[in-house]
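# what follows is a predicted protein model with its sequence.
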Amino acid sequence: MIIIMGIRITPAEVGDYHRVLADHPRYWGERDLRSLHLLALVQEFGATCLVARAEDGIRGYIFGFVTPEGTGYVHLIATRDDARGSGLGRRLYTAFAEAAERHGARQLKAITSVENTDSIAFHRSLGFEAKIVDDYNGPDQPMAVFHRDLPFDISPSQPTGLRP
């Protein structure tokens, strides 16, 4: 468990999954990504599905798992609307990378739509290499695919502080 400025990053529980879905617009705005939230991830990969808890609820979360080949795959990462720009996403990624390494990961991977320029910029700021892969998600469905090696070292010049 990581505790920073009243925010604890802990493994996700089934109840957290339901709270995240109930508050879905606070994390994703107008985009309806509820179908990508898989309860099986929380149930089967609880050590690498993490939530950032504060007194006022879940401020952010990262759901992922480690593949048999040693890749820590991030399926979803989101911060609540009032926690954006605070460095919480970086903290969640750091906690995920540490958990993934404990489970044998040697690298990280994530994907996003090519239109999601905020996610692309975020991942690049974390040292990920980004590549557009045509037909990644089916015919005529390119995706931005991110890779980076572990360990997950973030430069001290990059913002990592959290707002209270």
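Received it, and whenever you're ready, just let me know what you need. Residues are numbered from 1 along each chain as shown.
# show me what the lengthiest helix in the chain is packed against.
Identified as the longest helix of the chain according to DSSP state H is helix 88-102. If contacts are counted by 3 or more CB pairs under 8 Å, 6 or more residues apart in numbering; DSSP states H and E, helix 88-102 sits against strand 2-4, strand 7-11, strand 49-54, strand 57-66, strand 71-79, strand 107-113. All C-beta atoms are positioned from the backbone trio N, CA, C, and that covers glycine.
# measure the residue most central in space within the chain to Asp134 for me?
The geometric centre of the chain, computed from its C-alpha atoms, lies nearest to Ile77 (CA atoms, centre = their mean), at 2.8 Å. The gap separating Ile77 from Asp134 is 24 Å, by CB to CB, to the nearest Å.
# for Tyr73, same thing?
In terms of CB to CB, Tyr73 sits 20 Å off from Asp134.
# repeat that for Leu41.
Distance from Leu41 to Asp134, by CB to CB: 27 Å.
# on that earlier part again, between Tyr73 and Asp134, which is the more surrounded one?
Taking neighbours as other CB atoms under 10 Å, Tyr73 and Asp134 compare with Tyr73 leading, 19 against 10.
# beta partners for that one?
Beta-bridge partners for Tyr73, by DSSP bridges, are Phe65, Lys109.
# count the neighbours of Ala130 for me.
Ala130: 18 neighbours (other CB under 10 Å).
# and it, helix, strand or coil?
strand (DSSP: H, G, I helix; E, B strand; the rest coil).
# and it, how far is that from Cys49?
Counting by CB to CB, the gap from Ala130 to Cys49 is 24 Å.
# ok, the residue nearest to the centre of the chain touching Thr94?
No: using CB atoms under 8 Å, Ile77 is not in contact with Thr94; the gap is 11.7 Å.
# so what sits opposite His149 in the bridge?
For residue 149 the amino acid is Asp, not His. Applying DSSP bridges, one finds that Asp149 bridges with Gln107.
# just the element for the residue nearest to Tyr17 when sequence neighbours are not counted, please.
Closest residue to Tyr17 apart from its sequence neighbours, by CB to CB, 6 or more residues apart in numbering: Val42 at 4.9 Å. In this structure, Val42 sits in helix 39-44 according to DSSP states H and E.
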